[in-house]
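> predicted model and sequence below, questions to follow.
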Amino acid sequence: MGSSTFVSRLRSLSPSAKRAGLALLLTFLVYAMIWLLRFLYPRRFPLGSFLGFVFVWAASYLVVYGVIWARKRLLWSLRNQMGAAYVLIAVVPVLLLLTMAGLAAYILYWQIGSYVLYNEVQTRVQRVANVAGALATAQAFENATTGRPAASLPVPSSAQGILDAAKADLPGLQVEVGAGGDLLARTHSSEAAGFRGIVFSNHTLTLRAVAVREAAGGKAMVSVSAPISPEFVATLAPELGTIHFLVMRPVAGNAGNVLPGEIVMLNGEKAVLADRIATDRPDPSPANFFDKSINGITDLKLVDMDAAPGNEAQLRASFVTRPSLLNRTLFGPFGTSGSTAVTLLFTIGGVFLLLELAALGTGISLTRSITSSVDHLYLATQHVQSGDLAFRVQVKQKDELGSLGDSFNSMVQSIGGLIAEQRERQRLENELAIAREVQTQLFPRELPSVPGVELEAICRPARLVSGDYYDFIRIGPTRLAIALADISGKGISAALLMASLQATLRSELLRDGLADESALPSTAEVVAHLNRHLYLHTSEERYATLFLAIYDARTQRLSYTNAGHLPPLYIDGKSTQKLATDDTVIGLFNNVEFRQATIDVAPGALLVIYSDGMTDPENAGGEAFGADRLAEVAARSRQSPPQAIARAMLKSAEEWSGSAEQADDMTVVVARFSGAAEPSLAQELGAGSNAPAAFGG
């Protein structure tokens, strides 16, 4: 969290951060240039600590900014992320291990070469010491034999053979009798121990030994020295190739005050090269590709007799060799087994290298496979985002990513199908909206005004369009036809049949002659004509239930025919009567005879017509609302206006189901008959009769 907050804060500094970054970058470049000039001209371009401090800040900023830039630009792509992760996890450790192995091998062979050279030099020093000890012993013995002082005796003849044998390995060997006391004093060596080592005296580098033996005529002191010359160096360790002996004396104060010589660096400080001894022996040739050159350096202990204490010179020996030559020294005692072990070691290393290369190739192949699949999926999402649903991912491998590509293609195909289906559904909904609007025009826009009649009708479709049909058709000044039909089915097909039924019904009721005051239309005849029309012009499974009534306000009589519809409720002040004629539905059978019934309507009576959507709603227990409960609601509300009665009935049915979802169309028509509303009409017609209903053909 802290690192991400730090990065976000750095990003929020733009554009001021960009200007600061440019300033720090310029500071970094200036510092680098001055550092280069200081390296070339140290006295003219000193570096101050403040500039170094600024350089550290500049370098830190550049590192942080580089990381941010890499994360933003380079690591955004999954392929780059996978590549970076693979490099960090697999490649970098292997390279580090190989580097460490190579460096360890180089240091190991360096140490072995240094040991070989050091051992060779110490062997020669010991040889010189042995010669000095032998000569000093012979000198003491000669003193005891002749009685002459040991210091004045020449090299005894008995030791001449030892001297001649040593000169073969030590070219330029010199013997000084009675010399070496100054060397013992300089090195603080006791006479009993003597001295042996490398001495730089009179600008000459030599192997030197001083031996002291007690003699009767005094001490026998012999100094033996062998110069370190190119001939001598050529005899050292032939497996090391070119060998250099460098005598370097530190520079005290100004370098211009020292003796002429080459200026070199010694332990980070300037030194003058006092002497250089080298051999012209060529560098060894490589035995194979892996037989690389080893450049080694080792320091040897030196006694500088030409310098004051504290300013002594140092001796450094460098060499060039190869692992194959040192392996001979290491594994020589093992004979052929040593070379076999080396060959086996390199063979195993080669096998490991091949396995690592195979793993590297496999990792790169898998990474490319993964990132290619992801790139294809990303490209596909871009096409889908732009609206191109025809684009498909190319699946080339049979793995989980390939399955993901197939799933993506299936998903895009499904999305395309869903979009097409949605468009089709939207088109249908638009058409249904138009059909609903057209159907709304088919229902009465305004309730007709007939003397002595109050009307209310409510239709709530279960879908956008309704299969229920109600209508009020005024036939002359005092006659009103009331119809309610329930078309089989729902939706657009029922709505089309409803429109056909409405047109036919109005045509039958309003044709010429029926509007005559003296002629009363027969509901049975009208329903019979509707039945024949539906039978001839619809499919066999299409039918409708219909209740058709005609009220004559002049006579206050209601004629009706019920073609398979739920019996409407006729409620007067004393009782509730269901209006039914036991006729079949219309549209299923041809040439069916229907009956007409007539009742005298009492003043204040109610006529309630409803569809089965009002009685079918079920409660949580599966019990239907039913016609009886609907009749009870109507009876309780009979003193209310028709509008209130209709709403109460709808509310009761909805509360009974307890669900907002409507299973069927719900339609209710309420008519209240208050008798003759106009005085002149009442006087003309009289009180009217309450005779029982009569059926007619």
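Arrived safely, thanks for sending.
> does T581 belong to a helix, a strand or coil?
Classification of T581 using DSSP: H, G, I helix; E, B strand; the rest coil returns coil.
> which other helices and strands does whatever helix or strand L630 lives in contact?
L630 is part of helix 626-636 when elements are defined by DSSP states H and E. Here helix 626-636 touches strand 569-571, strand 576-578, strand 605-610, helix 642-657, going by 3 or more CB pairs under 8 Å, 6 or more residues apart in numbering; DSSP states H and E. Glycine gets a C-beta too; all of them are placed from N, C-alpha and C.
> closest one to G197 among those?
Of all the helices and strands packed on helix 626-636, helix 642-657 sits nearest to G197, with 117.8 Å by CB to CB.
> buried stuff in the closest one?
Under the neighbour-count criterion of 16 or more other CB atoms under 10 Å, helix 642-657 has P642, I645, A646, R647, A648, M649, L650, S652, A653, E654, W656, S657 buried.
> got a list of what the third one touches?
Contacts here follow CB atoms under 8 Å, 6 or more residues apart in numbering; on that basis A646 touches E456, A457, I458, V668, V669, V670.
> mind running it again at 10 Å?
455-458, 608, 610, 634, 637, 640, 667-670 (CB atoms under 10 Å, 6 or more residues apart in numbering).
> after the helix ranked longest in the chain, which helix or strand is next?
The single longest helix within the chain, with elements called by DSSP state H, is helix 92-146. Downstream of helix 92-146, the next assigned helix or strand under DSSP H and E is helix 160-169.
> low-confidence ranges, the stretch 351-500 of the chain, go.
For the stretch 351-500 of the chain, the stretches flagged by pLDDT under 70 are 401, 438-439.
> which parts of it are strands?
Under the criterion DSSP state E, counting those that start in this stretch, the stretch 351-500 of the chain contains strands at 453-460, 468-475, 479-487.
> for those, which one ends up most surrounded?
strand 479-487 (a mean of 25; mean count of other CB atoms under 10 Å).
> for that strand, packing partners?
strand 453-460, strand 468-475, helix 491-509, helix 523-537, strand 544-552, strand 557-563, strand 605-610, strand 666-673 (3 or more CB pairs under 10 Å, 6 or more residues apart in numbering; DSSP states H and E).
> can you dump the C-alpha coordinates of that strand into PDB?
Extracted C-alpha coordinates of strand 479-487, given in PDB (Å, rounded to 0.1, in the frame of the first residue of the first chain):
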ATOM      1  CA  ARG A 479     -81.800   1.900 -25.900                       C
ATOM      2  CA  LEU A 480     -78.300   0.800 -24.900                       C
ATOM      3  CA  ALA A 481     -76.500  -2.400 -25.800                       C
ATOM      4  CA  ILE A 482     -74.000  -3.700 -23.200                       C
ATOM      5  CA  ALA A 483     -71.500  -6.400 -24.200                       C
ATOM      6  CA  LEU A 484     -68.700  -8.200 -22.500                       C
ATOM      7  CA  ALA A 485     -66.800 -11.000 -24.200                       C
ATOM      8  CA  ASP A 486     -63.800 -13.200 -23.200                       C
ATOM      9  CA  ILE A 487     -61.700 -14.300 -26.200                       C
END
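> can you list the strands that that strand pairs with?
Under the criterion DSSP bridges, strand 479-487 sits next to strand 468-475 (antiparallel), strand 544-552 (antiparallel) in its sheet.
> tilt between the shortest one and helix 491-509?
Relative orientation of strand 468-475 with respect to helix 491-509: 20 degrees, computed using axes from the mean of the first three to the mean of the last three CA atoms, to 10 degrees.
> could you list the domains of this structure?
2-76, 109-334, 335-442, 443-686 (automatic domain parsing).
> looking at those domains, which is closest to L97?
domain 335-442 (9.4 Å).
> show me the shaky parts of the stretch 151-300 of the chain.
151-159, 216-217, 252-269.
> ok, now how distant is the nearest residue to H533 once chain neighbours are set aside from A494?
Leaving aside its chain neighbours, H533 sits nearest to T504 (5.0 Å; criterion: CB to CB, 6 or more residues apart in numbering). Applying CB to CB, to the nearest Å, the value for T504 to A494 is 16 Å.
> looking at these two, which one has more neighbours?
A494 (23 against 17; other CB atoms under 10 Å).
> just give the number of residues close to the residue nearest to the more buried one when sequence neighbours are not counted.
Nearest residue to A494, sequence neighbours excluded (CB to CB, 6+ apart): G467, at 3.0 Å. Using other CB under 10 Å, G467 is surrounded by 27 other residues.
> list the contacts for G467?
By CB under 10 Å, 6+ apart, G467 lies in contact with 461, 485-498, 544, 611, 613, 664-665, 667.
> ok, now with 7 Å
G467 makes contact with D486, I487, G489, K490, A494, A495, M498, D665, according to CB atoms under 7 Å, 6 or more residues apart in numbering.
> before we move on, what about R460?
R460 neighbours (CB under 7 Å, 6+ apart): Q662, M666.
> next one: R124
Contacts of R124 (CB under 7 Å, 6+ apart): L170, L207.
> how close does it sit to R276?
As for R124, its distance to R276 is 19 Å (criterion: CB to CB).
> isn't I277 up against I228?
Yes: in this structure I277 lies within contact range of I228 using CB atoms under 7 Å: 5.3 Å.
> buried residues, the helix holding L630. List them.
G626, A627, R629, L630, A631, V633, A634.
> A597 should be in a helix, yeah?
No: counting by three-state DSSP, A597 is not part of a helix but strand.
> which residues in the stretch 351-500 of the chain form helices?
400-442, 491-509 (DSSP state H, counting those that start in this stretch).
> what's the most buried one of these?
Taking mean count of other CB under 10 Å, helix 491-509 is the most buried of the helices of the stretch 351-500 of the chain, at a mean of 19.
> and that one with helix 400-442, angle?
Going by the same axes, to 10 degrees, helix 491-509 makes 10 degrees with helix 400-442.
> can you give me how far helix 491-509 is from the chain middle?
62 Å (CA atoms, centre = their mean, to the nearest Å).
> save the contacts of G467 as a markdown table, and put in distance to S189 too.
Converted to a markdown table, those look like this (distance: CB to CB, whole Å):
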| residue | distance to S189 |
| --- | --- |
| D486 | 135 |
| I487 | 134 |
| G489 | 129 |
| K490 | 125 |
| A494 | 130 |
| A495 | 129 |
| M498 | 134 |
| D665 | 129 |
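> look at I277 and I228 and report which has more neighbours.
Legend: neighbour count by other CB under 10 Å for I277 and I228, higher for I228 (24 against 18).
> count the neighbours of the spatially closest residue to that one that is not a sequence neighbour for me.
Excluding the flanking residues, the one nearest I228 by CB to CB, 6+ apart is L205, at 4.5 Å. The number of residues packed near L205 is 24, by other CB under 10 Å.
> rewinding a little: figure out which of the helices and strands packed on helix 626-636 is closest to G194.
Of those, nearest to G194 by CB to CB is helix 642-657, at 125.4 Å.
> now the closest one against strand 666-673, angle please.
Using the same axes, to 10 degrees: helix 642-657 against strand 666-673 is 150 degrees.
> which parts of the stretch 201-350 of the chain are helices?
Going by DSSP H, counting those that start in this stretch, the stretch 201-350 of the chain shows helices at 230-234, 323-331, 336-385.
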